[in-house]
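>>> coordinates for the following, if possible.
(4 chains)
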Protein chains: 2
Amino acid sequence: MHIKAVTLDRMFHALADPARRSMVDRLINGPATVSDLAKPLAMSLPAVVQHLAVLENSGLVKSEKTGRVRTCRIEPKALRTAEDWINERRTLWERRLDRLGEFLAEMGDSDKKLEEKKP
Amino acid sequence: MHIKAVTLDRMFHALADPARRSMVDRLINGPATVSDLAKPLAMSLPAVVQHLAVLENSGLVKSEKTGRVRTCRIEPKALRTAEDWINERRTLWERRLDRLGEFLAEMGDSDKKLEEKKP
DNA sequence: ATGATACTTAAGTATGTTCTTAAGTGTTGA
DNA sequence: TCAACACTTAAGAACATACTTAAGTATCAT
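You can find the predicted model right below:
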C-alpha cells in the first residue's frame, strides 16, 4: 500500500531531531507524562511540549490528559510506516542488483567490467 | 552498534522532503545525472542541486563528476542505518510487550484490566 | 481556601530551510 | 572557434523551526 507523502514528511521530520528521538526512546519503555519526557532534556518545558506536538502531528505519539497530567504513549504502527518506506526501497534496490547480476551472467564472464563494481 | 545522533539527524531530515524522496526513488533504479534527477521535478536546477547536497551530506547519495556530467548513485548502506534505528525501537517495543504479557499471566486472568489494552 | 503541581498559551527572537533569479565555469560537438 | 550544454555559485526573499521567558489555567493535597 502506498503512503501519503505528507505523512512521510511529518514522520521523518519528527525523527530528525535528537530531542524528539530521545522522547521516542523513553516512550518505548512505556507511557510517560510530559514532565517525565522533559526531565532528561536540557530545555524548558514549553519547548518539550512543542516537540511533543510535532511527534503527535506525525502520528508517532498519542497522548491524553487525565486530571492535570498528560500521559503519552507511542503508536508503534506509525513507526512501522517509516520502516516500510525504507524497506521497500532497499528491496527494490536488491531486486535491481539481482537483475543486473543475471544480465551479466548471460553476457558470459569475459566482459564483466561494464559499469558497476560489486555491492 | 550505536549510530551518531548527527548522522540520524541528517538522514531523517534528508528523507523528510518529497523532492528528495523522489530523487532517492529515481536512484533506486540505477545511477542518474543531475539533469535526470531534475527532469520530473517542478523546480529550478539550482534547487535540485541543493537537495542533492542535502542527500550527499546525509550519506544517502554519492556523486562524482566526469567531464561536465555529475553522476549520482545511492549508498544503500546508509538507508540501512535509518532502517536499523527504527527496527531497534520496534524490537524493544515488542520485547516490552512480551514482558508485560508474562507479568499479566503470572498475576492470573482475574484482574487483567490494569493499564493497557491489547496492542 | 491556598499553595504547589502540571501543564498551557502567547509572543518574541535567532536561526535554518527552500526556493528563486542572475551570472559564472568548465566541457563538448560542429 | 564558438555556441550549446551541464552544471555551479551567489545572493536574496519567504517561510518554517527551535528555542526562550512570562503569564495563565486547571487540578490536587492540605
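>>> hmm, the biggest helix by length in chain A touching chain B?
Ranked by number of residues, the top helix in chain A under DSSP state H is helix A:76-106. Yes. Counting by Cβ under 8 Å from any Cβ of the partner chain, chain B is contacted by helix A:76-106 at A:76, A:79-80, A:82-83, A:85-87, A:89-90, A:92-93, A:96. Every C-beta, even on glycine, is put in place using the N, C-alpha and C of the backbone.
>>> how about low-confidence regions in chain A?
Counting by pLDDT under 70, chain A shows low-confidence ranges at A:1, A:108-119.
>>> residue A:96 reaches residue B:30, doesn't it?
Yes. Using Cβ atoms under 8 Å, residue A:96 is in contact with residue B:30, at 6.7 Å.
>>> isn't residue A:22 up against residue A:40?
Yes. Contact status for residue A:22 versus residue A:40: in contact at 6.8 Å, counting by Cβ under 8 Å.
>>> and the residue nearest to the spatial centre of chain A, how far from DNA strand C?
The centre of chain A sits closest to residue A:82, judged by Cα atoms, centre = their mean, with a distance of 4.3 Å. According to Cβ to the nearest atom of the strand, to the nearest Å, residue A:82 and DNA strand C sit 17 Å apart.
>>> contacts only, for that residue.
A:8, A:11, A:12, A:15, B:86 (Cβ atoms under 8 Å, 6 or more residues apart in numbering or on different chains).
>>> which one among those gets closest to residue B:55?
Closest approach to residue B:55 among those (Cβ to Cβ): residue A:12, at 12.9 Å.
>>> state the number of residues packed around the closest one.
Using other Cβ atoms under 10 Å in any protein chain shown, residue A:12 is surrounded by 23 other residues.
>>> contacts only, for it.
Counting by Cβ under 8 Å, 6+ apart, residue A:12 touches A:82, B:12, B:13, B:15, B:16.
>>> got the residues of chain A near chain B?
Residues of chain A lying near chain B (Cβ under 8 Å from any Cβ): A:5, A:8-13, A:15-18, A:21, A:24-25, A:28-31, A:74, A:76, A:79-80, A:82-83, A:85-87, A:89-90, A:92-93, A:96, A:115, A:119.
>>> I figured residue A:56 hits residue A:63, correct?
Yes. Applying Cβ under 8 Å as the test, residue A:56 and residue A:63 come out as touching, 6.4 Å apart.
>>> strands paired with the helix or strand that contains residue A:73, and their directions?
Assigned by DSSP states H and E, residue A:73 falls within strand A:69-74. When pairs are called by DSSP bridges, strand A:69-74 turns out to pair with strand A:32-33 (antiparallel), strand A:61-66 (antiparallel).
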